[in-house]
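[1] Below are the sequence and a predicted model for it; my questions follow.
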Amino acid sequence: MESGSYDSGADRETQVRRENPRRSGRWTLGILVLGLVTYFPALTSPLILDDYLHAAMVRGAFPSPRSPFALYDFVSDADRQLLLARGVLPWWTHPHLTIRFLRPLSSALLWADYSLFRGRPLLLHAQSFLWWGLAIFAARALYRRHLSLRVTLLATAIFALGPWHAIPLAWLANSEALVSLGLGTLALVAYVRWREAGSAASGILATLLFGLALLGGEYALCFGGYCVAFELGCRDGTRRRVLGLLPFALPAVGYLVARSQLGYGVVGSGFYSDPLRDPEAFLALAPWRVVALLLDGWLALGAEFWNPGAARWAGALIVAAGFAIVIGPLRRAVSLLDAPARETATWLLKGSLFAMLPVLAVVPSARLLGVSALGIAGGVAVLLDRAWFGDAPAQGQGRDRAPRERSWAFELTGLAAIMLGFAHLVHGPVTAWLTGSRMRDQALDFVSQTAWLRQRVTDVPNTEVVVMRAGEGVFFGAFAVDPEGPLPAEWRTLSHTGHALVLRRDLRTLDLVAPPDKGVFPTGPGNLFRSPDAPLAPGDEVSVPGMRARILEAGTNGPVRVRFSFDRDLSSPSLVLTSEDAYGFKQVDLPKVGFGAPFDP
Amino acid sequence: MTAVAIPATSEKASALRQFFSLELLDNRYPALHGLRVLAILSVVQIHVTYVLAGDFVGKRNDFLDPRFIEESYWIFFGMDLFFMLSGFLIGSILLRSLQVEGTQNIRRFYLRRIFRTFPSYWVVLTVLALSISLTTMQRANLLKEYLYATNFTSLVPQAVVMIWGWSLALEEQFYLTVPLLFFVLHRLRRDAHRFALLLGIWALGPIIRLTIYLRGAPWGYEELQRALYFRTHTRFDTLIAGILLVFVHQRYGDAIKQWFKSPFHRAMVGMLSFACLWPLHNPALFGPENVLFVFVFAWGTITSIMYFGPLLMLLGGEGWIVRALSAPLFRRVATLGYGVYLVHIPIIYYVLMPAVRALHQQRVSMVILWSGSLLAVTILSLSIAYGLHVFVEKPSLRIRERLAR
């Protein structure tokens, strides 16, 4: 295929390459070193959250065996009942809960890591850091094609040190995002080369790399946003532009067909809303999620800043004010670039917006912004460069002829640059560092909070654990009892709530009462195990081996009173009764029959 | 007759106009008037939100979003801006006096301060003391309040009449020491020594706060606030930062103005200020366990740094931000600022709250009530402050002119 009819970047590319490569290399090395410092807490984090599941899968302790390519295959029709029976899933799990992600490459890499470096998470993190490094080098190459050296370095720094990489670097299970990001960014570089220089080898390479990125995870679908944005801005005919999409479209279609045919996807979870299986829920949440991601990506306001429960009028004011300050100067800065740079900046910016679409299925978080950040960083860098190092317009010249107007636009650009400069050069890296630190603290806290379990439960495979009230331990407590060995025979979490009151009805039966504003388990996006479309109502009954739960009363946030009937006396020595509070798991002494006892968070 | 009557009427009208006109603040730094107005608005906003939240939260569950309330408490830090501007203005007066006359003329300095600030404060304090039934503690502390020692009482509404007088007391106590400081500064021969001395005194603020914090731990928020936020010996650093600002501006104003011509330099300073605002706005940034530790530095150190750069930029700056802040309206409002500060809290308690409660019972939205309250308190405070200005401040300024020539 011949080169796309953007203004040829070849001359410009040569010129950029001539710009003191040694100095440029030093700066890039500096960015990598800064990255090491910024993400140091993340890289020294022990296992956390899903990492426990993966470790259990690799050592064969997970109730249902997993192949090296299926570590992200969490719950399916085939093993849901088994996982419920063992207590890996709580009793309130959606009857059709499915959480399966097609990420064979990332899965295999994790499998290899856990097999080779078991018990040494630092070495596992090292691989994540290498993927991050690959993404940074690829991003730099992408920017360098048409943007000036200063813009390239600024954009690379913003992209490299932003908070979007902190969670994937700290959380090994999320390293799949870095695999897709590294390979996808490299693919994008090859794609742009193919479209601009017409090199068939680059086209084939782009197809292969996009394919590999997709095997890393569905996150790579975000790169489609940049390909679409590139083709939308290209001056070729429609046919050529459609053909131009092939290096991305071919592997993407293949991936989606395989995903669908093999039954991958998410059903029945409040945390994910699968756009293909539940388009209504997806569309209802999508607008708020876009705003949240835009606010976080551009203004560093934190994705949780804008959620359906927040004061929307206050948020709307901030959004309007923030974007009013940024959009004008950004358009102006882009319009003042030379043609190839302007076109690059334009498709990067549009692509960053389109790239958000695939991640709208998940509760917004900075960790979802890695691909979008490629374009955001480019746009911010262009604006900062214009505002800080561009020529001040002379009186009577330029686009704004009236001195007052010119001054107004000039100062607004300065103001926007201060805001964005702070957001991306100060707030971003500090937030990344803090996020890594918090993840590490959280992981260490989890280890110390589950210490009692490890002491109390000595015969793990033959012990049944009943948790009256759980916090985050609801997800991974069972895996922490023996991190190197088997799971307990059964793990029963009765509630995941704030304060809980337990009333002992008889030797085998108890009622659990939760605050009316919370419910016995969370609802909405906070409930990984049950989507809001399948609420449990009074009279509903759920049976799992050894236990029956009947809903006695429900409030606006789900069941608030549930009766649990066990198949044996609750004082049986085979049962370990516990409850989780802010300090961890503790011994529980149940009240006498006819009495109650509170369990506080 | 007609020929005589017209000038007489005109003179009368002119005298009336003069009587009711504002005695505007000095206009050497016009952009600071705009900043002062923003500081006033931020303080009024915080108090309106605080009082409304205190009345509604807990009793009824339909007030503004709790996050909004929380964030509004920490926004802008108007009081610290007041301190900084105060330090700057007092410093500039004394420095000019030294430069022009070679002496501080302490008598004139204190007469000017007394006749500028005491009368309105005493009038408002007296009116309040007479119009409410005083508790035993309030009666016992009243003399302290008249003598500007409010910040060394137990600062609870049951103990003092004008709890918000703490900041005025703090400033007045600081003014007692300023001439001595200037005497020492004047005796020093090199600017480097002067800056070192001022920086050293400024750094003492956080050191004292940190020492108190470490010696008294563990703290609750209110305990810590009482120990650190209101006392002169723990809050002087912001005022000192204002004086440091005078020296920097006087000595290096032109060079700094030149330096600020670069947008990159302006951005660096702006970003530093944003970086300071971040922990002020979100004290739990370094974890909820470190919030109180953040306050040790937030109350003075971080605010000083946050304001220092932008103030320097505004003092020597150009452009629409400076022009906007220098608008004549701001000078007028700033002239009434002291009065607004004195009267806005009684207005909130005695005028606003009964009206808000009545309207709330008629199901008026709290968003409307909150924004309407802010507007109403601002307008009412400005109106009463205007009365104070005309009938109390201006006459006392006349006397001051005679005494402090």
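    Thanks, I have it.
[2] pretty sure residue A:208 belongs to a helix, no?
    Yes - counting by DSSP: H, G, I helix; E, B strand; the rest coil, residue A:208 is part of a helix.
[3] who's in contact with it?
    Residues near residue A:208 by Cβ atoms under 8 Å, 6 or more residues apart in numbering or on different chains: residue A:187. All C-beta atoms are positioned from the backbone trio N, CA, C, and that covers glycine.
[4] cool, residue A:529 as well?
    Applying Cβ under 8 Å, 6+ apart, the residues contacting residue A:529 are A:89, A:90, A:92, A:93, A:94, A:97, A:268, A:269, A:270, A:521.
[5] Kindly recompute the last result at 6 Å.
    Going by Cβ atoms under 6 Å, 6 or more residues apart in numbering or on different chains, residue A:529 touches A:90, A:93.
[6] does it sit in a helix, a strand or a coil?
    Assignment for residue A:529 (three-state DSSP): coil.
[7] what's the pLDDT at it?
    Here, the pLDDT recorded for residue A:529 equals 90.
[8] how close does it get to residue A:266?
    Computed as Cβ to Cβ, to the nearest Å, the residue A:529 to residue A:266 distance reads 12 Å.
[9] again, but for residue A:84
    Taken as Cβ to Cβ, the span from residue A:84 to residue A:266 is 17 Å.
[10] So which residues on chain A come close to chain B?
    Neighbours of chain B within chain A, by Cβ under 6 Å from any Cβ of the partner chain: A:311, A:314, A:387, A:388, A:408, A:411, A:414, A:417, A:418, A:421, A:422, A:426.
[11] can you tell me which two in the residues you listed are farthest apart?
    A:311 and A:388 (34.6 Å; Cβ to Cβ).
[12] So if I had to pick from these two, which one is more boxed in?
    residue A:388 (21 against 17; other Cβ atoms under 10 Å in any protein chain shown).
[13] what helix or strand does that one sit in?
    helix A:370-389 (DSSP states H and E).
[14] For residue B:344, which residues are in contact?
    By Cβ under 6 Å, 6+ apart, the neighbours of residue B:344 are B:44, B:377, B:381.
[15] change it to 7 Å
    B:44, B:47, B:377, B:381 (Cβ atoms under 7 Å, 6 or more residues apart in numbering or on different chains).
[16] what helix or strand is the residue lying closest to it once chain neighbours are set aside on?
    What sits nearest to residue B:344 in space, not counting adjacent residues and going by Cβ to Cβ, 6 or more residues apart in numbering or on different chains, is residue B:381, at 4.2 Å. Here residue B:381, judged by DSSP H and E, is contained in helix B:366-388.
[17] Give the buried residues for that helix.
    The neighbour-count check on helix B:366-388 (16 or more other Cβ atoms under 10 Å in any protein chain shown) flags B:366, B:369-370, B:372-374, B:376-378, B:380-382, B:384-386, B:388 as buried.
[18] Report the next helix or strand after that helix in sequence order.
    helix B:394-403.
[19] how big is the angle separating that following helix from helix B:366-388?
    Between helix B:394-403 and helix B:366-388, the angle comes out at 40 degrees (axes from the mean of the first three to the mean of the last three Cα atoms, to 10 degrees).
[20] Report the buried residues of helix B:394-403.
    So for helix B:394-403, counting by 16+ other Cβ under 10 Å, buried means B:394, B:396, B:397, B:400.
[21] Would you mind measuring from the first one to residue A:381?
    Same thing as residue B:394. The value you get for residue B:394 to residue A:381, if Cβ to Cβ is used, is 56 Å.
[22] and if you look at the second one?
    If you measure residue B:396 against residue A:381 using Cβ to Cβ, the figure is 58 Å.
[23] Please apply the same query to the last one.
    Per Cβ to Cβ, residue B:400 is found 57 Å from residue A:381.
[24] Let me see the domain layout of chain A.
    A:10-391+A:405-441, A:458-599 (automatic domain parsing).
[25] and the first one, average pLDDT?
    Which is domain A:10-391+A:405-441. On average, domain A:10-391+A:405-441 scores 90.
[26] next one: stretch A:493-504
    pLDDT averaged over stretch A:493-504 gives 91.
[27] do stretch B:289-303 as well
    For stretch B:289-303, the mean pLDDT works out to 93.
[28] So which bits of that stretch are buried?
    Applying 16+ other Cβ under 10 Å to stretch B:289-303 flags B:291-303 as buried.
[29] repeat for stretch B:316-332
    B:316, B:317, B:321, B:322, B:325, B:326, B:330, B:331, B:332.
[30] Can you give me the first-to-last residue distance of it?
    End-to-end distance for stretch B:316-332: 22 Å, by Cα to Cα, to the nearest Å.
[31] Report whether that stretch contacts chain A.
    Yes - using Cβ under 7 Å from any Cβ of the partner chain, stretch B:316-332 reaches chain A at B:319, B:320, B:321.
[32] Closest one of these to residue A:116?
    The closest of those, once distances to residue A:116 are taken by Cβ to Cβ, is residue B:321, at 58.6 Å.
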